[in-house]
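**Student:** From the sequence below, what's the structure:
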Amino acid sequence: MNITRSFNNWRKYRQTVSELGRMSNRELHDLGIDRSEIHRVAREAAAR
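**Tutor:** Predicted coordinates:
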C-alpha cells in the first residue's frame, strides 16, 4: 500500500510539473505562481 501511494504521489508530482511547465509566464502569473515555484507547488499538490 505504501509503495502504491508513493508511486501515485510521484505521478501526480510529475504531471503537475509537466502541466505547469507548459504554461506561459502570463498564465502562471494569473494563477499567482512564478516559474521558479513550479516544483514547490507540485510537491504540495502531490502531498495532498
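**Student:** low pLDDT regions in this structure?
**Tutor:** 1 (pLDDT under 70).
**Student:** Find the centremost residue of it, please.
**Tutor:** residue 42 (2.3 Å; CA atoms, centre = their mean).
**Student:** Now name the helix or strand holding that one.
**Tutor:** helix 38-47 (DSSP states H and E).
**Student:** Can you give me the buried ones in that helix?
**Tutor:** 38, 41, 42, 45, 46 (16 or more other CB atoms under 10 Å). Where C-beta positions appear, they are placed from N, C-alpha and C, glycine not excepted.
**Student:** Quick check: the gap between the first one and residue 48.
**Tutor:** This points to residue 38. For residue 38, the distance to residue 48 equals 16 Å [CB to CB, to the nearest Å].
**Student:** Could I get the full set of helices for this protein?
**Tutor:** Assigned by DSSP state H, the chain shows helices spanning 2-22, 25-31, 38-47.
**Student:** and these, which is most packed in?
**Tutor:** Highest mean neighbour count among these (mean count of other CB atoms under 10 Å): helix 38-47, with a mean of 15.
**Student:** Output stretch 30-37 in PDB with nothing but the alpha carbons.
**Tutor:** Listed next in PDB are the C-alpha coordinates belonging to stretch 30-37 (Å, rounded to 0.1, in the frame of the first residue of the first chain):
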ATOM      1  CA  ASP A  30      -2.600  34.800 -13.400                       C
ATOM      2  CA  LEU A  31      -2.500  31.800 -11.100                       C
ATOM      3  CA  GLY A  32      -0.100  33.500  -8.700                       C
ATOM      4  CA  ILE A  33       2.800  31.200  -9.500                       C
ATOM      5  CA  ASP A  34       6.300  32.200 -10.500                       C
ATOM      6  CA  ARG A  35       8.100  29.800 -12.800                       C
ATOM      7  CA  SER A  36      10.700  29.200 -10.100                       C
ATOM      8  CA  GLU A  37       7.900  27.900  -7.800                       C
END
